[in-house]
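Engineer: Pasting the sequence and the predicted coordinates here, then a few questions.
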Amino acid sequence: MRALAAAAATAVVAAPTPARLLLVSARRAAPRFGHCRASPFARSPRSACYASTTMGDETSTSASGSAQEPAAPALQGAGSVKQQISNLVALSLRATVPEVDVEPIVEVCTGKFGDYQCNNAMGLWSKVKGSGTSFKNPNAIGQAIAKNLPACDVIESASVAGPGFVNIVLSKSWVAKRIQDMLVNGITTWASILPVKRVVLDFSSPNIAKEMHVGHLRSTIIGDTLARMFEFSNVEVLRRNHVGDWGTQFGMLIEFLFEKFPNWEELGSQAIGDLQVFYKASKQRFDEDAEFKDRAQQAVVRLQGGEEKYRAAWKKICEISRNEFDQVYKLLDVQLEEKGESFYNPYIPQVLEKLSSQGLIEESEGARVIFIQGHQIPLIVVKRDGGFNYASTDLAALWYRLNVEKAEWIIYVTDVGQQQHFDMFFKAARMAGWLPDPKEKKFPKTSHVGFGLVLGADGKRFRTRSTEVVRLGDLLDEAKSRSKSELLQRLTENGKIVDWTDEELEQTSKAVGYGAVKYADLKNNRLTNYTFSFDQMLSDKGNTAVYLQYAHARICSIIRKSNMDVEELKVSGNISLAHPDERVLGLYLIRYAEIVEEACTNLLPSVLCEYLYNLSEMFTRFYTNCQVVGSPEEPSRLLLCEATAVVMRQCFQLLGITPVYKL
């Protein structure tokens, strides 16, 4: 895993409009031997009425000069509700101030005066004041914006408050129709429209010959959720596992293998046995025996030179390690395509030659480096012994992703300790002309998604009692075991154990246990450390996956008890939002697309978690105050129940959590 360099605070940048995205990838850590990409935390404050701020990590744009603004979506139907309101406001702005080119500023309004708010008036006043305009103040501009909003079935009313804030109230009938259309045509019709088509997401990235442990948990889970959100938004995601499969540690491992088992080819995997034990023994030998260390370093040269004997041993070690990784990915239901360091190795010489011909690479103390403005140390691209390192591999990988894979956004998911490396690496790419200045807001671009550490109850790195790092497979097994024990106890106490099959118990325990681990991580601001606690994450109270699973299962139970055919209701029934709590729930449901958009734009899975938890709370309020089964409004309210369940299940899917239908 890439060794944690100096931990630095992740930069925060403002995103100018909801339609503009930042794509970030988090990556490896660089230890002395090999490297892995992984990291911990971050999220953005939610905007309130009258204010708009977004947050993200340092971003860099990449050359090709493609414009970053997406084609405007259709006036109604496509994109998020916020995008549709923005389109209507854009038409009003053109009619109100045709001489000024301005983008709509639309935010969710959390007050009682409206559902959305246009905040353009004050900015426009500063532009037109003193130019002979007929407007007397910002409020007058706001009044004109409200008046010029196109007549349509989306907006019920618009009013102006204070210095020109335009409060927009959505039509209840339009909200109801949007929900019903989703139920008939599927939630994919609520997909966000993002300004990119292809993204490379670089995440997980452990080191070959080292076991995945809790330190890889955050990179894998965060990266997978980001990938799922982009994929839901119809973006092509290249899920890349940039494993550390090329470096000094392989000379050490191969030489140790040859020494211990001269006939290793006959023994195969049995020669190595437990790869972690084998690694530790070889590392100890490397540190203590200078002669062995020399031989190991020569073995690296022979491996990189293509000598067949060394390549064969390298392939076997990688195969054993890869099989262990795949077991963990299967448990987590995470899909990745491996393109490790070795894949990019052939591209390094030509990439460095390009940079050298541009005068960017200089000699310094026997090494070849790129001096980066703002950094006291240079970016080393060729070591003193002539070998390549992480920077040279990363530059080659970026060149490949831009020029061969044609990615518009390359996102690296790693711990915050690697922030300096990515800052220097991105700046070097900009110096080469591969990436435009971030201020230009153009694609392609690069982003580092940093995250904090997973801590134990003692506030230190989460480890076992023997001070070893916690194996990820063991952690997941324990989560499932604890979940099953609690489920069995509850079902036994309430006498419902007879209604469950062994298969249902097994699958439900797995879904609840694994989901609890994922959600406990994802709900946190990824830029912060978080304390790992089975007791907290498996609690059925508060903002936990277990609580949310219960909420979803309860909705499913309500629908079952009604004995009505919900599929038929979707076509024949109608949703009414007459009760205030019905309207609140309906309005929050249709904001799903913009929540996914916000989470993608700022690379913050915690935004989606917050939405899911709030949705469950709003449903509880609705169900408490609005009788469903047996009421005159039963058909309409059952459809609201079904819509809530559908959206919750889609949130679970994006978070990589399997929903359960009874608990």
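Structural biologist: Right, received. Where do you want to start? Owing to the predicted nature of the structure, the values given are computational and were not obtained by experimental measurement.
Engineer: how far away is the most centrally placed residue in the chain from residue 416?
Structural biologist: Residue closest to the mean C-alpha point of the chain, counted by Cα atoms, centre = their mean, is residue 226 at 2.6 Å. Residue 226 sits 16 Å away from residue 416, taking Cβ to Cβ, to the nearest Å as the criterion. C-betas here are computed from N, CA, C, even on glycine.
Engineer: now residue 308
Structural biologist: Using Cβ to Cβ, we find residue 308 at a distance of 42 Å from residue 416.
Engineer: Which one of these two is surrounded by more residues?
Structural biologist: Each of residue 308 and residue 416 has its neighbours counted (other Cβ atoms under 10 Å); residue 416 has more, 29 against 8.
Engineer: surely residue 505 meets residue 486?
Structural biologist: No: Residue 505 sits out of contact with residue 486 when judged by Cβ atoms under 8 Å, with a separation of 11.6 Å.
Engineer: hey, where'd the strands end up in the stretch 301-450 of the chain?
Structural biologist: 337-338, 362-364, 367-370, 379-382, 409-415, 443-451 (DSSP state E, counting those that start in this stretch).
Engineer: Make JSON lines from these and add distance to residue 645, mean pLDDT and mean neighbour count to it.
Structural biologist: Supplementary listing: the strands of the stretch 301-450 of the chain in JSON lines, determined by distance: least, Cβ to Cβ, whole Å; pLDDT from 0 to 100; neighbours: other Cβ atoms under 10 Å:
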{"stretch": "strand 337-338", "distance to residue 645": "33", "mean pLDDT": "96", "mean neighbour count": "14"}
{"stretch": "strand 362-364", "distance to residue 645": "61", "mean pLDDT": "94", "mean neighbour count": "11"}
{"stretch": "strand 367-370", "distance to residue 645": "54", "mean pLDDT": "95", "mean neighbour count": "19"}
{"stretch": "strand 379-382", "distance to residue 645": "51", "mean pLDDT": "94", "mean neighbour count": "22"}
{"stretch": "strand 409-415", "distance to residue 645": "30", "mean pLDDT": "96", "mean neighbour count": "32"}
{"stretch": "strand 443-451", "distance to residue 645": "31", "mean pLDDT": "96", "mean neighbour count": "30"}
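Engineer: Would you reformat those as TSV and include distance to residue 642?
Structural biologist: Putting the strands of the stretch 301-450 of the chain into TSV (distance: least, Cβ to Cβ, whole Å) gives the following:
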stretch	distance to residue 642
strand 337-338	36
strand 362-364	65
strand 367-370	57
strand 379-382	55
strand 409-415	35
strand 443-451	35
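Engineer: Apart from its neighbours in sequence, what residue is nearest residue 238?
Structural biologist: If the residues on either side of it in the chain are set aside, residue 238 comes closest to residue 200, at 4.6 Å by Cβ to Cβ, 6 or more residues apart in numbering.
Engineer: So for the helix or strand hosting the one you found, mean pLDDT?
Structural biologist: If you go by DSSP states H and E, residue 200 is part of strand 198-202. Across strand 198-202, pLDDT averages out at 98.
Engineer: swap in stretch 301-319?
Structural biologist: 89.
Engineer: Tell me where the model's unsure across this protein.
Structural biologist: Filtered on pLDDT under 70, the chain yields the residue ranges 1-78, 267-271, 273, 464-469.
Engineer: and with 50 instead?
Structural biologist: Per-residue confidence of the chain (counting by pLDDT under 50) places the weak regions at 1-35, 38-76.
Engineer: got the domain boundaries for it?
Structural biologist: Taking the TED database as the domain assignment, the record places the domains of the chain at 81-170, 248-334, 472-655.
Engineer: Output those domains as a markdown table; include the columns distance to residue 177.
Structural biologist: Supplementary listing: the domains of the chain in a markdown table, determined by distance: least, Cβ to Cβ, whole Å:
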| stretch | distance to residue 177 |
| --- | --- |
| domain 81-170 | 8 |
| domain 248-334 | 35 |
| domain 472-655 | 8 |
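Engineer: Residue 443 is nearest to which of those?
Structural biologist: Nearest to residue 443 among those is domain 472-655; the distance by Cβ to Cβ comes to 13.4 Å.
Engineer: That concludes my questions; thank you for your assistance.
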